[in-house]
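J.: Just to be clear, the model below is a prediction. Sequence and coordinates:
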Amino acid sequence: MEKYFDLSYIWSALPNLLPYLWITLYIAALSVICGTLFGLVLAAAKLSTNKWFCRLANGYTTIIRCTPSIVLLFLVYYGIPAFSEGLLGIYLQNVPTGVFVVVTFSLQFAAMMSEVIRSSYLAIDRGQFEAAVSVGLTPLQAYRRIIFPQALVVALPNFGNGLISVLQEGALAYTIGFIDIVGKANLIIANNYGTHTLEIFIALAVIYWVLSISIEKIFALLEKAFSKGKQPIKTT
């Protein structure tokens with residue numbers, strides 16, 4: 001009789017899952033790049049003096065924050081093709097599923113990054129910009145040399161958390177038939193007729209633990225490296 005839980009099956013499942021890891025990382029990387037660029041635009045709108053831009057950007061962030069990830073994924077996956085065909089006459093049913101996954105998590109990451117960028121910018125004392133300009137730097141030089149490097153250090157921890165969040169939320173992509181590492185795990189379970197489900201999900205969890213801890217460590221090292229100039233000098 002086959003055992004209900006077989007520890008050795010965890011290790012035998014890893015070689016079947018790992019070849020699909022690059023798809024998960026690729027989707028996460030594209031979502032982070034697109035989301036960061038859109039997040040910059042949203043942050044600029046929130047910091048602008050134009051109240052309509054500010055309201056639109058804040059409204060977008062609120063709506064995305066109040067929408068569960070899986071609901072947003074379904075809205076994008078079913079909504080964009082329906083609206084594009086109904087309103088514009090553009091047929092999008094043949095677009096690869098991965099495109100909708102990237103769009104979904106880019107929209108979500110942008111909302112998060114807009115707040116990270118806005119709060120990081122506001123954390124830097126305005127007097128530093130004025131002091132830099134007063135000693136002869138142009139506004140662009142003041143931002144590039146004084147404001148942005150400090151804002152980057154402030155933003156790094158939240159950026160790392162956002163990256164881990166995108167990686168984990170991306171696991172929902174299998175619900176629309178996208179085959180990444182989670183999709184592959186579900187295919188293996190289906191082929192096994194539901195047996196060894198626990199072992200496969202433990203193998204999946206191990207992969208996500210390693211990824212998340214690695215990202216956390218990398219961002220801790222980056223934060224330490226970029227904060228070197230801010231370390232207080234110890235007196236003896």
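T.: That came through, no problem. Numbering: from 1, shown residues only.

J.: Buried ones in stretch 181-195, by neighbour count?
T.: 181-186, 188-189 (16 or more other C-beta atoms under 10 Å). (Glycine included, C-beta is placed from N, CA and C.)

J.: Check stretch 170-180 too.
T.: 170-174, 176, 178, 180.

J.: what does stretch 118-135 give?
T.: 118, 120-121, 124, 129, 132.

J.: now the end-to-end length of it.
T.: 26 Å (C-alpha to C-alpha, to the nearest Å).

J.: Kindly report the same for stretch 175-183.
T.: Terminal-residue distance, stretch 175-183 (C-alpha to C-alpha): 8 Å.

J.: ok, and what's touching it?
T.: Residues outside stretch 175-183 that contact it (C-beta atoms under 8 Å, 6 or more residues apart in numbering): 17-18, 20-21, 23-24, 27, 70, 73-74, 77, 97-98, 100-101, 170-171, 173-174, 187, 204, 207.

J.: can we see that at 10 Å?
T.: 16-28, 70, 73-74, 76-78, 96-98, 100-101, 104, 170-174, 186-187, 201, 203-204, 207-208, 211 (C-beta atoms under 10 Å, 6 or more residues apart in numbering).

J.: same deal with stretch 133-147?
T.: 120-121, 124-132, 148-149, 151.

J.: Let's have the residues you listed in a markdown table, adding distance to Thr61 and secondary structure.
T.: What follows is the contacts of stretch 133-147, written out as a markdown table (distance: C-beta to C-beta, whole Å; DSSP: H, G, I helix; E, B strand; the rest coil):
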| residue | distance to Thr61 | secondary structure |
| --- | --- | --- |
| Ser120 | 15 | helix |
| Tyr121 | 15 | helix |
| Ile124 | 21 | coil |
| Asp125 | 25 | coil |
| Arg126 | 23 | helix |
| Gly127 | 28 | helix |
| Gln128 | 27 | helix |
| Phe129 | 25 | helix |
| Glu130 | 29 | helix |
| Ala131 | 32 | helix |
| Ala132 | 30 | helix |
| Phe148 | 22 | helix |
| Pro149 | 26 | helix |
| Ala151 | 19 | helix |
